[in-house]
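Peer 1: kindly return the folded structure for what I paste below:
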Amino acid sequence: MTTKSIRRNLYKVLRKTGVPRDLIVEDAELKDELLMDDIDMTCFLYYLETNFSVDLKNEEIAQLNSVKSTIDYLQRHCA
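Peer 2: As a prediction, the model looks like this:
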């Protein structure tokens with residue numbers, strides 16, 4: 001999967017989670033800048049696993065704190 005495809009699909013996942021389009025930028029922090037609470041994060045992780053066919057481990061979830069870190073994770077696991 002290409003970086004462009006990953007980014008596009010990730011932005012769709014974020015929009016499904018309720019994040020406004022104008023807030024989605026690559027360096028945005030999920031909880032601070034995109035205002036995601038625990039319920040939003042749960043939905044986000046579900047959509048991420050479903051749309052990208054990945055199985056997130058508990059220790060990996062803590063690493064997903066920004067749009068950029070999520071893109072990096074998906075590039076490593078969706079190749």
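Peer 1: could you use CA atoms for every contact and neighbour count after this?
Peer 2: Noted.
Peer 1: quick one, strands of this protein?
Peer 2: Counting by DSSP state E, the chain has no strands to list.
Peer 1: center of it, which residue is that?
Peer 2: Per C-alpha atoms, centre = their mean, the C-alpha nearest to the average position across the chain is that of residue 70, at 5.0 Å.
Peer 1: which residues does it contact?
Peer 2: Neighbour list for residue 70: 63, 64 [criterion: C-alpha atoms under 8 Å, 6 or more residues apart in numbering].
Peer 1: what about the spatially closest residue to residue 25 that is not a sequence neighbour, how many neighbours?
Peer 2: Distances taken as C-alpha to C-alpha, 6 or more residues apart in numbering put residue 67 closest to residue 25, at 7.2 Å, once the chain neighbours are dropped. Burial measure for residue 67: 21 neighbouring residues, criterion other C-alpha atoms under 10 Å.
Peer 1: tell me who's in contact with residue 67.
Peer 2: Neighbour list for residue 67: 24, 25, 26, 27, 28, 29, 30 [criterion: C-alpha under 8 Å, 6+ apart].
Peer 1: burial of the second one, as a residue count?
Peer 2: A total of 14 residues lie near residue 25 under the criterion other C-alpha under 10 Å.
Peer 1: likewise for the one 5 residues further on?
Peer 2: Using other C-alpha under 10 Å, the number of residues around residue 30 comes to 23.
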